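J.: take a look and give me a structure for this.
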Amino acid sequence: MDKSPSQINFEFSTQSEEPKEFLSGQPATPPKPVKSTRGRKALKDIAGEADQVHIPEDELLFRKQYYSIGEVATMFGVNTSLIRYWENEFDIIEPRKNRKGDRFFKPTDIKNLQLIYDLLRRRKFTLEGAKDFLKKNKQAKERYELIQSLQKVKGFLLELKASL
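T.: Numbers count the residues shown, from 1 in each chain. Sure, this is the predicted structure:
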């Protein structure tokens, strides 16, 4: 009894086959890469957010005497920890604290935070650069407010032009 081993043949085709799902045999679709939400945002993403500050008009802002840190952080679209950090870094922000340690910001503090936010996020100053700018330019607040009012007038005029 002569048993010869059976021969195994392999077929190699020049055509590339699409990957198929294991059970169904249907062509497999490659998985889409999932974008991570962790880490720092890209500068191009942040550039569009600089205009996303939602501070009410002065009339509405000065109706309340104090704002909580959560309300302020929501206005600027940042974390409360960043507001606390800016409070420690910049002397012009002086929120009132109760016995429990909760911070309450006056409307003038919110205006100062708006100036700091503008320097750091829109104009891309470093912390040290923003501190120096505020120390050297005592009229920086007035200039910033003037620029803000001129931008409002410009927006009004553009709306008026568009409606004509």
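
J.: if I read this right, residue 114 contacts residue 58, doesn't it?
T.: No - contact between residue 114 and residue 58 fails when scored by Cβ atoms under 8 Å: they sit 11.3 Å apart. Every residue, glycine included, has its C-beta placed from N, CA and C.

J.: those two - which one has more neighbours?
T.: Neighbour count, other Cβ atoms under 10 Å: between residue 114 and residue 58, residue 114 has more, with 18 against 13.

J.: what's near enough to touch the closest residue to the more buried one other than its chain neighbours?
T.: Excluding the flanking residues, the one nearest residue 114 by Cβ to Cβ, 6 or more residues apart in numbering is residue 55, at 5.9 Å. The contact partners of residue 55, taken as Cβ atoms under 8 Å, 6 or more residues apart in numbering, are 61, 75, 76, 110, 114.

J.: now the lengthiest helix in the chain: how far from the chain's centre is it?
T.: When the chain is parsed with DSSP state H, its longest helix is helix 140-163. How far helix 140-163 lies from its chain's middle: 24 Å, per Cα atoms, centre = their mean, to the nearest Å.

J.: what's the answer for stretch 128-138, then?
T.: 24 Å.

J.: quick one on the thing from earlier: okay if I get the contacts of residue 55 as JSON lines plus pLDDT?
T.: JSON lines is the format used below for the contacts of residue 55 (pLDDT from 0 to 100):
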{"residue": "61", "pLDDT": "84"}
{"residue": "75", "pLDDT": "90"}
{"residue": "76", "pLDDT": "90"}
{"residue": "110", "pLDDT": "92"}
{"residue": "114", "pLDDT": "89"}
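
J.: can I have the buried ones of these as a PyMOL selection?
T.: Those of the contacts of residue 55 that count as buried under 16 or more other Cβ atoms under 10 Å are selected in PyMOL with:
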select buried, resi 75+76+110+114
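
J.: buried ones in stretch 144-157?
T.: Quick answer for stretch 144-157 (16+ other Cβ under 10 Å): 144, 148.
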